[in-house]
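Enquirer: just a sequence and a predicted model for now, questions to come.
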Amino acid sequence: MQTGTGPRYQPRQVSDLGIRSVGPVRFKIWGLCAAGRDVAEEDLACAQHFLSDAVLPAVAAQGDSDDLGFVIVHPGSAGLSIAAQWWVQGSVLCQRLFRREYGAAQPVDTTARPVVACVWELSIINAEQEAWRHTMMVPQPDPEAYLAARGGLTAV
């Protein structure tokens with residue numbers, strides 16, 4: 001991806017791509033697109049494989065899963081990022097990342113470059129923590145309300 005000084009901030013389009021169940025976990029799927037990019041079917045297929053092959057085993061290994069989370073499928077300026085997050089212990093957010101530059105055969109080693117998220121993804125992550133606090137960290141947690149909460153985001 002890019003190094004050094006990045007581009008000036010330009011809003012990016014956000015879309016609700018529904019809910020996908022992978023094993024016991026239900027994930028809200030977010031689309032986040034750089035200018036001139038769309039979430040393609042192959043991006044969604046890549047996300048599905050990533051969730052099944054890498055994320056679900058991590059959820060099982062971590063334990064204490066609340067079986068709810070969200071995924072950001074982000075065709076960015078330089079490549080595709082897939083950020084999968086899931087909730088554990090009622091208040092802790094876990095994450096696994098997939099990143100591949102356009103034209104590259106192999107994904108970026110996300111352990112060698114400990115990225116958390118880009119500025120655009122952080123807006124979605126913030127909306128998700130707000131939704132979690134308001135729907136799940138209450139006297140009567142409501143998983144369906146959490147899954148329905150999207151914070152009205154259309155661009156970030």
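Expert: Received, thanks.
Enquirer: can you give me the helices for this protein?
Expert: Per DSSP state H, the chain carries helices over the ranges 41-50, 56-62, 119-135, 143-148.
Enquirer: most packed of those helices?
Expert: Across these, averaging neighbours per residue (mean count of other CB atoms under 10 Å) puts helix 119-135 on top, at a mean of 17. For the C-beta atoms, the positions are set from N, CA and C on the backbone; glycine is no exception.
Enquirer: quick one: residues in contact with that one.
Expert: Residues from elsewhere that reach helix 119-135 (CB atoms under 8 Å, 6 or more residues apart in numbering): 9, 12, 14, 28, 30, 32, 70, 72, 74, 81, 83, 85, 87, 91, 93, 116-117, 141-143, 145-146, 149-151, 153, 156.
Enquirer: switch to 7 Å and redo it
Expert: Applying CB atoms under 7 Å, 6 or more residues apart in numbering, the external contacts of helix 119-135 come out as 9, 12, 14, 30, 32, 70, 72, 74, 83, 87, 117, 142, 145-146, 149, 151, 153, 156.
Enquirer: do the same with stretch 46-56
Expert: Applying CB under 7 Å, 6+ apart, the external contacts of stretch 46-56 come out as 22-23, 27, 71, 73, 80, 82, 84, 96, 98.
Enquirer: what is the burial count for residue 12?
Expert: 22 (other CB atoms under 10 Å).
Enquirer: check the one 4 residues further on too.
Expert: By the criterion of other CB under 10 Å, residue 16 has 12 neighbours.
Enquirer: I figured it hits residue 152, correct?
Expert: No - using CB atoms under 7 Å, residue 16 is not in contact with residue 152; the gap is 10.5 Å.
Enquirer: show me what residue 19 is bridged to.
Expert: Counting by DSSP bridges, residue 19 is bridged to residue 28.
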